[in-house]
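Peer 1: Mind folding the following:
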Amino acid sequence: MEYRVAQLEAVGRFLDEKKEDILEATALDMGKPSFEAYFTEILLCKNELNNTLNNLSHWMKDENVDKNLVTQLDSAFIRKDPYGVVLIIAPWNYPIHLFLVPLIGAIAAGNCVVVKPSETAKSTERLVAEMLSCYLDNCDVHSVARRVAWGLFFNAGQTCIAPDYVLCSLEMQEKLMPALREAITEFFGSNPQESPDFGRIVGDKQFRRIRALLCSGRVAIGGQTDEKERYIAPTVLADVLPSDPAMQEEIFGPILPIVVVANMDEAIDFINARPQPLVIYAFSCDSKVVNQVLERTSSGGFCGNDTLMHVTLTSLPFGGIGNSGLGKYHSKFTFDTFTHHRGCLHRNMGLEALNTLRYPPYSQQKLGLLTATCEIKRKGMCTLL
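Peer 2: Numbers count the residues shown, from 1 in each chain. Here you go, the predicted model:
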């Protein structure tokens, strides 16, 4: 139920945050007045959504049914199981309403949903295709690809907090690969070697070391090199094994290995089986997934749904843990790192009578007073039995 509610609440955020876009899209498609559009496409959908959220726990419960004389001592009930995967094809006349209302019910019932908005209402179709996926747990793969590609290929990958590898499911790898290819082309053109926005490897020794890592897995994107220019193309490696050379060291170059894992638990086990990294990046439209990665791993830093950006905040400490480094810096954290914190106490010369408790000769009375004065008691919870 918690998962279904989270998805339904995300639909509500879509309706609230994209209200003006919905009104504009329906106006472009069919000249629908904003009054009609708001009433039918937004308000009625929100009513449907809120009614579903208000009653979902009741709807999901087993429904007890009447029993006959023979089964009076037995249990007879109807269990509400999801179909699994369902298809929704929306018409054009109420392109949001007749799209979202069945979607709300299908999600509430626990189904995975394939949706097809009407191609006749083109503006609304584009809005739904581009925006709704950002709200539902259908990780927004294009945003992920752009943010990962930016973080990795910034300074040609020569950044200590650049993503060193990606862990994802096989299904997500298939979705991520074309999105990464599109992002690379968007950033650096069809030939990144000619782009003024893509850097070069700093030296010959570093170039040869990074180039040697291209033998890992399978080159899915890029892979071109030019030793004279110390150029290595923005590269993505697929089918990479944990034993491959690219997984044995920090790459520090424009190469991104993708390692396929079965599920979240396997990804977390993979991370925890290795030395603590300088940073972990977790991507999901579901904040619970991001928080799960945060809570179950350890790293120098953490950034959810982006790369590099945590380092831009002087209010956050930057540094490693374990093998990834000691100490931290940024603003006052830098001051503290390079400062010896000297413990000091400067007491008053008066009130000497208070000190007699600690002076000999000792007694049980003195010990009792000293204990009452100095003991720090643990604050406990009251338990009623």
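
Peer 1: For the residue nearest in space to the middle of the chain, grab phi and psi.
Peer 2: Most central in the chain under C-alpha atoms, centre = their mean is F283, positioned 3.0 Å from the mean C-alpha point. F283 has phi and psi values of phi -120, psi 130 when expressed as degrees, to the nearest 10.

Peer 1: Quick check: chain neighbours aside, which residue is closest to it?
Peer 2: Nearest non-adjacent residue to F283, counting by C-beta to C-beta, 6 or more residues apart in numbering: V144, 4.8 Å away. Using the backbone N, CA and C atoms, a C-beta is placed for each residue, glycine as well.

Peer 1: what's the burial count for G368?
Peer 2: 11 (other C-beta atoms under 10 Å).

Peer 1: Could you give the average pLDDT over stretch 346-362?
Peer 2: The pLDDT scores in stretch 346-362 average 84.

Peer 1: Likewise for stretch 232-239?
Peer 2: Averaging pLDDT along stretch 232-239 gives 96.

Peer 1: roughly how far is it from the heart of the chain?
Peer 2: Here the centre of stretch 232-239 is set off from its chain's centre by 23 Å, with C-alpha atoms, centre = their mean, to the nearest Å.

Peer 1: cool, stretch 246-264 as well?
Peer 2: On C-alpha atoms, centre = their mean, the centre of stretch 246-264 falls 18 Å from the chain's centre.

Peer 1: sorry, back to before: which ones are touching the residue nearest to the centre of the chain?
Peer 2: C139, V144, R147, V148, V290, G304, N305 (C-beta atoms under 8 Å, 6 or more residues apart in numbering).

Peer 1: what comes into contact with the helix or strand where the fourth one lies?
Peer 2: Assigned by DSSP states H and E, V148 belongs to helix 141-153. If you take C-beta under 8 Å, 6+ apart as the criterion, helix 141-153 is touched by 134, 159, 161-163, 166, 172, 175-176, 179-180, 182-184, 186-188, 198, 234, 254, 256, 281, 283, 305-308.

Peer 1: V148: how many residues sit nearby?
Peer 2: For V148, using other C-beta under 10 Å, the count is 23.

Peer 1: ranges for the helices of the protein?
Peer 2: With DSSP state H as the criterion, the chain has helices at 2-17, 19-30, 34-37, 44-60, 97-108, 122-131, 141-153, 170-188, 204-212, 264-272, 287-296, 332-337, 364-374.

Peer 1: quick one, which of these is nearest to A238?
Peer 2: When the helices of the chain are compared by C-beta to C-beta, helix 170-188 sits nearest A238, at 6.5 Å.
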